[in-house]
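> sequence plus predicted model, see below.
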Amino acid sequence: MNVLAIGLALLAGQAPVLPPGAPSPVPTASPSGTSPAASSSAAGPPVSAVPGVAALPGRPNLLATGVPEVPAALAQRAGQFLEARAARLLDVSAGGDSVLVATRFGQSNQLHVVDQPLGVRTQITFGREPVAQGAFHPADPMVVFYLQDVGGAENYQIYRLDRRSGKSELLTDGKSRHERLVLSADGARMAWSGTGRNGRDTDVYVADTAHPREARLLVEGEGTFAPLDFSPDGKQLLVERFRSIADADLVLVDVESRAARPLTPAEGRGSVQDARFSADGKAVFLVTDRYTDFNELYKVDLADPKAPPRPLTRTIRWDVEGLAVARDGSRLALTVNADGTSRLYFLEPRSGKLEPGNAPNGVASSLRFPAKSGGSVFLGVASPRAPGDVWQVDLKGRRLLRWTRSEIGGLDPSILAEPVLVRYPAADGLQIPALLYRPKGPGLKPVVVVWHGGPEGQERPLFQPLAQVLAEDGVAVLLPNVRGSSGYGKAFLAMDDGAKREQALGDIGATLDFIASQPDLDASRVAVYGGSYGGYMVLATAAFYPARIRAAVDVVGISSIPTFLESTAPYRRDLRRAEYGDERDPAVRAVQERISPLGRADAIQAALYVIQGKNDPRVPQGEAEQIVAAVRRRGGQVWYLLALDEGHGFQKKENRDLALVTSVLFLESALGASGAPPLAR
């Protein structure tokens with residue numbers, strides 16, 4: 001979830017990997033005030049090819065051109081929303097008496113331990129770089145394993161933290177990318193995926209936790225492999241081979257012999273949303289859309305390879321998105337994505353009885369049963385009025401226990417805007433779901449359309465600082481889930497694959513038509529905002545519907561599909577070709593070039609703001625700078641912000657805050673909202 005798929009690769013010229021807590025190296029302005037990007041030197045080529053970029057005052061890590069100083073009133077108004085923090089559930093101790101969460105009290109998310117409901121969050125890592133994943137040692141919660149990168153380059157390294165001494169030890173090579181850390185039930189073994197063999201393919205490694213540096217290659221091959229779950233005795237490992245969100249295989253691997261047995265058929269395609277061993281190790285619970293339009297839960301009998309998987313959630317016509325198996329075998333917990341909102345269910349494996357559970361309203365994540373008890377389950381929940389917290393569902397008394405209460409900058413959550421779910425028809429009659437924030441007060445409201453990334457992402461009812469600030473200032477915010485979004489079945493998901501992406505551009509027009517049909521929305525004052533693939537949609541809106549929007553904010557977006565595929569990190573390339581088509585095929589490339597905004601840059605009329613991280617391995621810096629150059633060549637207005645210590649999106653609070661506040665200034669100025677001064681031309 002959302003979602004966010006993690007698999008990606010090394011970027012040439014990346015920043016050196018430092019141990020946790022070490023500051024990121026960033027260029028500093030020269031004594032003359034010249035930006036590091038302004039000239040070449042013996043240290044290497046210019047940081048940016050965009051003329052005029054210079055370090056912001058007091059911020060040598062941020063280079064910009066065209067970006068003005070933020071008015072104090074706007075900074076103050078947005079500040080409270082930006083002080084919101086979330087608690088993301090990472091793990092639960094075996095006894096259920098402690099939870100491991102990622103939360104921010106400084107510049108980035110760090111690991112904290114909470115030892116009782118609504119207890120103090122005790123910080124245990126203190127680096128400037130955010131922590132991506134963390135887990136207790138199953139046999140010793142005073143030992144924690146975690147993943148962390150440097151500068152947003154996504155070359156995650158695995159560390160072991162001894163909470164007694166407070167010292168972290170680097171366990172991996174310090175240069176290749178590692179992810180998907182999995183620990184055996186007894187804590188004796190650990191597995192992860194990594195690109196160390198050739199920098200392109202993602203293999204699976206296994207090691208004893210007592211000797212983690214003596215890892216051995218368990219699964220290797222062309223493509224992307226990732227561990228999912230150890231068997232209860234630690235002797236077998238479930239491994240996913242991932243080709244795309246719609247095409248994956250599940251394999252059972254013997255940890256000692258490396259013998260592999262496929263658990264999904266060779267013919268046909270289907271997802272592997274999740275997979276877990278049963279408590280006795282005799283079966284596997286698999287979440288896949290291989291047999292129906294939605295991701296459903298199935299039971300695979302390991303003793304009878306010829307037996308078809310048994311469906312367990314056929315009565316639920318939405319995607320199963322989360323799965324946890326109680327170690328005592330008493331039940332399974334699962335969450336379902338019902339039109340963007342999560343629903344919790346419990347399943348008794350023996351009877352197959354499925355019943356709804358009691359959980360807070362919102363979007364759920366990170367289901368966890370404590371190893372020593374099946375009597376309660378922990379989960380993370382976020383909503384438009386709550387950035388994210390940890391809850392415990394007690395199954396006996398049906399009670400809800402809240403473990404964290406995250407702040408929203410001192411604001412009363414009840415004053416925050418709640419989106420409504422709307423639908424509107426595309427040109428071919430397909431219904432497009434969307435979330436709409438409608439500001440209070442009379443009169444026609446300007447609109448900002450926010451396009452999600454992915455493309456396989458989904459807009460869901462979560463806390464959105466940008467939407468909240470804009471709605472408070474009288475700007476409506478519309479978040480569509482156009483064809484190709486996840487959450488609405490695999491047929492809907494596949495509607496923009498390859499050359500079909502050209503048809504998906506029509507959904508932009510349908511979205512603008514919907515705005516024009518609403519009596520309270522002003523179709524003459526529309527802007528667009530989006531990141532990653534959402535950045536592509538921003539640029540496509542500006543290029544293919546130039547007269548219908550006033551402004552566009554592109555965050556780490558794709559400007560040309562062929563050049564993006566040629567420059568994205570090597571281990572990502574084939575994964576992305578499965579979604580966008582293979583640019584090496586002349587017929588496919590012709591379509592990609594036809595629908596790439598870069599080829600229609602001369603048509604762009606809207607003011608443009610481009611935001612980029614220098615260390616981005618997914619959508620490299622060149623995608624941003626070639627659209628900036630193309631629009632400027634024909635005299636268009638462009639702001640450009642480049643962060644030297646960020647990658648695919650901004651993770652450090654001071655950088656993220658500046659990007660968001662300047663985006664609000666840009667959008668409101670273009671739309672004439674909240675008394676903002678008009679954009680200088």
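Here it is on my side, so go on. Residues are numbered from 1 along each chain as shown.
> which residues touch residue 349?
By CB atoms under 8 Å, 6 or more residues apart in numbering, the contact list for residue 349 reads 278, 279, 299, 329, 331, 332. C-beta coordinates here come from the backbone N, C-alpha and C atoms, glycine included.
> over to residue 446?
Residue 446 is in contact with 474, 475, 476, 522, 525, 526, 527, 671, 672, 673, counting by CB under 8 Å, 6+ apart.
> to which secondary structure element is the fifth one assigned?
I take that to be residue 525. Taking DSSP states H and E as the definition, residue 525 sits inside strand 521-531.
> so what touches that strand?
444-453, 466, 476, 512, 515-516, 536-538, 541-542, 548-557, 606, 649, 663, 667, 670-673.
> drop anything exposed from the residues you listed.
Burial by neighbour count, 16 or more other CB atoms under 10 Å: within these this picks out 445-453, 466, 476, 512, 515, 536-538, 541-542, 548-557, 606, 649, 663, 667, 670-671, 673.
> which of these fall in helices?
Restricting the buried ones among the contacts of strand 521-531 to those inside helices, with DSSP state H as the criterion, leaves 466, 512, 515, 536, 537, 538, 541, 542, 663, 667, 670, 671.
> out of those residues, which comes closest to residue 172?
The shortest gap between residue 172 and any of these belongs to residue 536, at 32.7 Å (CB to CB).
> returning to what we had before: among the contacts of residue 349, name the buried ones.
Buried members of these, scored by 16+ other CB under 10 Å, are 278, 279, 299, 331, 332.
> low-confidence ranges in this structure?
Applying pLDDT under 70 to the chain flags the ranges 1-44, 397, 674-677, 680-681.
> 80 instead?
Counting by pLDDT under 80, the chain contains low-confidence ranges at 1-45, 397-398, 674-681.
> for the strand holding residue 525, which strands pair with it and how are they oriented?
According to DSSP bridges, strand 521-531 has the following sheet partners: strand 445-451 (parallel), strand 551-555 (parallel).
> distance from the chain centre to that strand, please.
Remark: strand 521-531 is offset 24 Å from the chain centroid, using CA atoms, centre = their mean, to the nearest Å.
> so what strands line up beside the helix or strand hosting residue 89?
Applying DSSP H and E as the criterion places residue 89 in strand 88-92. Strand 88-92 sits in its sheet next to strand 99-103 (antiparallel), going by DSSP bridges.
> buried residues in stretch 389-403?
Under the neighbour-count criterion of 16+ other CB under 10 Å, stretch 389-403 has 389, 390, 391, 392, 393, 395, 403 buried.
> correct me if wrong: residue 497 contacts residue 484.
Yes. Using CB atoms under 8 Å as the test, residue 497 is close enough to residue 484 to be in contact (7.5 Å).
> so for the two, which residue has more residues nearby?
Per other CB atoms under 10 Å, whichever of residue 497 and residue 484 has more neighbours is residue 484, with 23 against 19.
> which non-adjacent residue is nearest that one?
By the measure of CB to CB, 6 or more residues apart in numbering, the closest residue to residue 484 outside its immediate chain neighbours is residue 496, 3.2 Å from it.
> residue 133 now?
That would be residue 147: by CB to CB, 6+ apart, it lies 4.4 Å from residue 133.
> what's the answer for residue 630, then?
Using CB to CB, 6+ apart and skipping the chain neighbours, the partner closest in space to residue 630 is residue 601 (3.6 Å).
> can I take it that that neighbour is in a strand?
No. Residue 601 sits outside any strand when classified using DSSP: H, G, I helix; E, B strand; the rest coil, being helix.
> surely it touches residue 543?
Yes. With contact defined as CB under 8 Å, residue 601 and residue 543 form a contacting pair (6.8 Å).
> rewinding a little: could you dump the strand holding residue 89 to PDB, C-alpha only?
Extracted in PDB, the C-alpha atoms of strand 88-92 (Å, rounded to 0.1, in the frame of the first residue of the first chain):
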ATOM      1  CA  ARG A  88       3.900   3.200  11.900                       C
ATOM      2  CA  LEU A  89       3.600  -0.300  13.400                       C
ATOM      3  CA  LEU A  90       6.700  -2.400  12.500                       C
ATOM      4  CA  ASP A  91       6.600  -5.300  15.000                       C
ATOM      5  CA  VAL A  92       5.200  -6.600  18.200                       C
END
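> what are the buried residues along that strand?
Neighbour counts using 16+ other CB under 10 Å place 88, 89, 90, 91, 92 of strand 88-92 among the buried residues.
> likewise for stretch 475-491?
475-490.
> helices or strands next to the helix or strand that contains residue 576 in the packing?
Using DSSP H and E, residue 576 falls within helix 570-580. Counting contacts by 3 or more CB pairs under 8 Å, 6 or more residues apart in numbering; DSSP states H and E, helix 570-580 is packed against strand 236-244, helix 561-567.
> mind putting those in TSV, mean neighbour count included?
Putting those into TSV (neighbours: other CB atoms under 10 Å) gives the following:
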stretch	mean neighbour count
strand 236-244	22
helix 561-567	20
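> hmm, who's touching the strand holding residue 89?
98-103, 109, 111, 133-136, 365-366, 368-370, 378-380, 388, 390.
> among those, name the ones in strands.
When those are checked against strands (DSSP state E), the matches are 99-103, 111, 133-136, 365-366, 368, 378-380, 388, 390.
> having no further points to raise, I will conclude here.
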